[in-house]
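Trainee: Test case, fold it:
(chains A and B)
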Protein chains: 2
Amino acid sequence: MNARQPEQLPLTRSSVLAAHDVIKSRAHRTPIFTSSSLSAGITAGNNLYFKAENLQKGGAFKFRGASFNLSRLSHEELQRGVCTHSSGNHAGALALAAKERGIKCFVVMPSNSSQVKIDAVRSYGAEIMFCEPNAPARAATLAMVQARTGATFIPPYDAINTILGQGTAFLELSEQVPEKLAAVITPVGGGGLLAGTALAAEGTGVRVFGAEPAGADDCARGLEEGKRREDVDANTIADGLRTPVGVLNFPIIQEKVERVIVVSDEEVIEAMRLLWERLKLVVEPSSATAFAAVRNPAFRELGIKGPIGIILSGGNVDMSKPLPWVVL
Amino acid sequence: MNARQPEQLPLTRSSVLAAHDVIKSRAHRTPIFTSSSLSAGITAGNNLYFKAENLQKGGAFKFRGASFNLSRLSHEELQRGVCTHSSGNHAGALALAAKERGIKCFVVMPSNSSQVKIDAVRSYGAEIMFCEPNAPARAATLAMVQARTGATFIPPYDAINTILGQGTAFLELSEQVPEKLAAVITPVGGGGLLAGTALAAEGTGVRVFGAEPAGADDCARGLEEGKRREDVDANTIADGLRTPVGVLNFPIIQEKVERVIVVSDEEVIEAMRLLWERLKLVVEPSSATAFAAVRNPAFRELGIKGPIGIILSGGNVDMSKPLPWVVL
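Mentor: Modelled structure (predicted):
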């Protein structure tokens, strides 16, 4: 892990504001979507505002963290390129951010990655190294890549600059919404987006929530037990959330996030269908997790009054597969 | 057909500009989408600009024509309400526009309409009358509704105010695009959108094209033969385009549209998948027809230089069905 971490702990909202100044010329300021039919029936008076990060470059919020990480590298580091391990949105985002800067990018992917994800990373010009689909093989392959190339490792979530970059989505959301948000909710996998959002919301009075699928609810369990869990089941359709929450991310979430709402895959699929049908947006299951949480009784019982922001984290869906709600 | 037609023929670009002044406070100014990967490889230098009318109220451009029609009704006519026959986007658009004005709406639908379409029209508060799925039964039922209620018939495409309303999408598109369009293309079913676009583009130097599926290519055939065809096959996945081009629409298209490009259903499905994957937008097959046409050799051979506007007409897809490109 040789990513530079020039920011000092503790991180603050100011750190996220500074990150936004750096990346705003590189990332899309994604639009906000509303739907009276989706807002109706949540709780009285809760207008919902969806931040469409599925329309971000690379199809997910991950481009923000990747961009901010690259902005902190020296000229020499940029010359040697960057590397990461991921089979998902972070790999695509880093590859695209590297391509836009004209630097090299190396991605370690498990050999059983889907062709559509391999194609996406390759289309952004990254060099792919395949490894056996397990953690030791991944670490060994990444170490080999670093030794050979001198590339800087850009972590997908467990890094200060990644967290700060992801938090910038909330800053835009709160500027774009015409009224004061009462709450914001994001999905939580590794916790980059949720921790960044919690930092960005600090002192604003906006209550911050996370949403996690029951099949990968290590963050919610960790919060209950008062201790980060190092393991995670990965038994959920929300493929972007099948990671344990990060070492840096967990204490930020523990301190600043009011609650992580756990939802079933059935709720995720139903929420995903509603988003596709009503917003006409292609969002991936991870994104639908946040909307599913807002529809869940555990959230409704909080009785939050006022507008709610929901970050739709990404839209990278394998279109060669049947829609999850279509019974075959 | 008792819809008032206060506009004088011949229609001009000014008529569309006047219609836009009337409806712009009621309809969404839908956003423009771009994609470097979709633009790449069309023809050298053709930036593509997609006007996302799938994000229009009711999920399709049809809300524009419905709104403009309602704006031309007298207080007495509004009191009696409006009616139409449609199993598609026009019915939903009219029902929603009527609901927003607090007036009654009656919709004649074939008894074999899909449940999802029935539910959509009903959710906007319209009263539905079912009829046998054939033209005489439809006309008889509509006449009965009009006799009973005094409601004004708002035609789906073959009416001046409908054409003028639909043309307003192009006015916004040309304002929103940061460079001068070389061409614009829209799908053609009844021809409301295409005729309206051709009127709106008149004198601007923007070349106007239509796109039609081979299984319902009555407009392209009519143009070849120099005479409107009254019949149409309806053998295409593009369910919004299974209507013959209108009596009022055809001569406008004949005079002002450079060419209608015909594409196969295979091309439509491929284009639809690309739009879902790259733009992250849910668009219906009819919308994809226009993008398919731009990718077709017949269009490429025209050698158009400069930016091309594509109107994505709607996003009302029956999500209970498998995606058309997923082989089961």
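
Trainee: For the stretch 201-328 of chain A, give me the ranges with low pLDDT.
Mentor: The model of the stretch 201-328 of chain A has pLDDT under 70 over residues A:327-328.

Trainee: now the helices: where do they sit in it?
Mentor: A:218-225, A:249-256, A:265-274, A:285-295, A:297-300 (DSSP state H, counting those that start in this stretch).

Trainee: Quickly note the distance from whatever residue of the stretch 151-300 of chain A ends up closest to chain B to residue A:289.
Mentor: Residue nearest to chain B within the stretch 151-300 of chain A (C-beta to the nearest C-beta): residue A:280, separated by 3.8 Å. Where C-beta positions appear, they are placed from N, C-alpha and C, glycine not excepted. Look at residue A:280 and residue A:289: by C-beta to C-beta, to the nearest Å, they are 20 Å apart.

Trainee: So which bits of the stretch 1-150 of chain A are right by chain B?
Mentor: Applying C-beta under 8 Å from any C-beta of the partner chain, we find that the stretch 1-150 of chain A lies next to chain B at A:31, A:37, A:54-55, A:59, A:123.

Trainee: Just the buried residues out of these, in PyMOL syntax.
Mentor: Per 16 or more other C-beta atoms under 10 Å in any protein chain shown, the buried members of those correspond to this PyMOL selection:
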select buried, chain A and resi 54+55+59
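
Trainee: so, if you compare the residues of the stretch 1-150 of chain A next to chain B, which one comes nearest to residue A:151?
Mentor: Residue A:151 lies nearest to residue A:123 out of the residues of the stretch 1-150 of chain A next to chain B, by C-beta to C-beta, at 19.7 Å.

Trainee: residues contacting that closest one?
Mentor: Shown in contact with residue A:123 (C-beta atoms under 8 Å, 6 or more residues apart in numbering or on different chains): residue B:37.

Trainee: tell me which element the residue nearest the centre of chain A falls in.
Mentor: Note on chain A: the residue nearest the mean C-alpha position is residue A:193, at 4.7 Å, using C-alpha atoms, centre = their mean. Assigned by DSSP states H and E, residue A:193 falls within helix A:192-201.

Trainee: and that helix with helix A:285-295, angle?
Mentor: Going by axes from the mean of the first three to the mean of the last three C-alpha atoms, to 10 degrees, helix A:192-201 is angled at 50 degrees with respect to helix A:285-295.

Trainee: where does residue A:2 land on pLDDT?
Mentor: Reported pLDDT at residue A:2 in the predicted model: 42.

Trainee: How about the one 10 residues further on?
Mentor: The model reports residue A:12 with a pLDDT of 95.

Trainee: correct me, but it touches residue A:200?
Mentor: No. Using C-beta atoms under 8 Å, residue A:12 makes no contact with residue A:200, being 9.6 Å away.

Trainee: was I right about residue A:164 contacting residue A:16?
Mentor: Yes. Counting by C-beta under 8 Å, residue A:16 is a contact partner of residue A:164 at 5.4 Å.

Trainee: Look at the two and report which has more neighbours.
Mentor: Set side by side, residue A:164 and residue A:16 show more neighbours around residue A:164, with 30 against 27, by other C-beta atoms under 10 Å in any protein chain shown.
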